[in-house]
Structure formats: structure tokens, C-alpha cells
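>>> Quick check, what structure comes out for this input:
(one chain, ligands or ions: 1)
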Amino acid sequence: MDHCEPGSALRVLTALGIDSSCRNLVSVVMNVPSGKMKKKDIVKIADRFLSATEANRIALISPRASVNLIKSYKVIEKIKIELPESFVNVFNCPNLTCISNTNEPIMPIILVESDPPKLRCKYCSRFFNPNELE
Ligand SMILES: [Zn+2]
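Down below sits the predicted model:
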């Protein structure tokens with residue numbers, strides 16, 4: 001993953017569930033000088049592909065990130081990460097008293113307002129930061 005926001009690499013790893021039990025080869029470079037962004041973080045993970053949910057999480061942490069699929073040291077595909085208009089049944093609303101957190105059969109829907117990402121619950125209309133989402 002290239003062009004991650006500077007300082008976001010560790011949150012990207014957390015979003016992907018990568019911790020000390022990970023057996024893949026992982027390299028993290030933080031605060032690399034970058035023409036376009038001044039500074040950027042780079043995360044490389046061997047033998048790992050991203051699910052749609054994981055790509056969504058990364059888009060929230062690092063909206064300008066790009067994902068490169070690398071095979072035999074060559075970039076075989078570049079994916080531009082994009083924020084969807086809403087997350088349906090991906091994240092729960094952080095507001096514990098929200099109706100989507102009760103036993104009602106309601107799918108959590110988080111609306112994405114604009115760039116930089118602003119998130120709002122469809123049900124309780126509360127705004128929150130990307131790092132509040134789990
Ligand atoms: Zn809510």
C-alpha cells in the first residue's frame with residue numbers, strides 16, 4: 001500500500017488485523033519523503049490480498065492510499081482506493097444508545113458525507129471520526 005497518510009501505517013496494520021501473531025512478511029516504512037504528499041507511509045505485506053471491507057477501512061484511515069498488487073517484484077495491478085457513499089453492515093454505530101445497536105433487526109448504515117471523510121449514522125445522525133469505527 002503506497003501513499004498512506006504519514007503516521008497512518010500502524011493504524012492500517014491494525015485495520016487489517018495484523019499483529020505480532022502474523023506470519024507474513026510485513027514491511028512498514030513511515031514518513032518517506034514524497035513529492036505529491038510531502039511525506040507518506042508505505043505498508044508491504046507478502047501473500048496477502050485485501051477484502052472489500054479491508055479496502056473500505058483503509059480508505060477511511062488513508063483516503064489517498066493506493067494498493068499495488070505485486071508479483072515476482074513487479075507491480076501487476078494498481079488499485080485506487082475509493083470511499084463508498086455508505087457502509088452497509090460493515091461498521092457498527094459507535095453510539096451505544098443508537099437504535100442500530102439494540103436488538104432490533106436493523107443493519108447498521110454509516111453514511112460518508114464528503115472528502116475529507118465525515119461519517120454519519122443513518123439512524124441517530126451522529127457524526128464521528130473514522131477511528132471510532134470498529
Ligand atoms: Zn447510530
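
>>> which residue ranges form the helices in this structure?
9-15, 52-61 (DSSP state H).

>>> residue contacts, residue 24?
18, 45-48 (C-beta atoms under 8 Å, 6 or more residues apart in numbering). The C-beta positions use only the backbone N, C-alpha and C, and glycine is treated the same way.

>>> ditto for residue 30
6-7, 9, 41.

>>> Greatest separation within these: which pair is it?
Greatest spatial distance in the contacts of residue 30: 6 and 9, 8.6 Å, computed using C-beta to C-beta.

>>> And the most centrally placed residue in the chain, how close does it get to the ion?
What sits nearest the mean C-alpha location of the chain, by C-alpha atoms, centre = their mean, is residue 58, with 1.7 Å. Distance from residue 58 to the ion, counting by C-beta to the ion, to the nearest Å: 23 Å.

>>> so residue 50 makes contact with residue 69?
No: Residue 50 is beyond contact range of residue 69, at 9.1 Å (criterion: C-beta atoms under 8 Å).

>>> Common neighbours of these two, please.
Common neighbours of residue 50 and residue 69 are not found (criterion: C-beta under 8 Å, 6+ apart).

>>> more neighbours, those two?
residue 50 (17 against 12; other C-beta atoms under 10 Å).

>>> quick one, what contacts that one?
16, 58, 67.

>>> Now the weakest link among the helices of the chain, please, by mean pLDDT.
For these, mean pLDDT drops lowest on helix 52-61, to a mean of 82.
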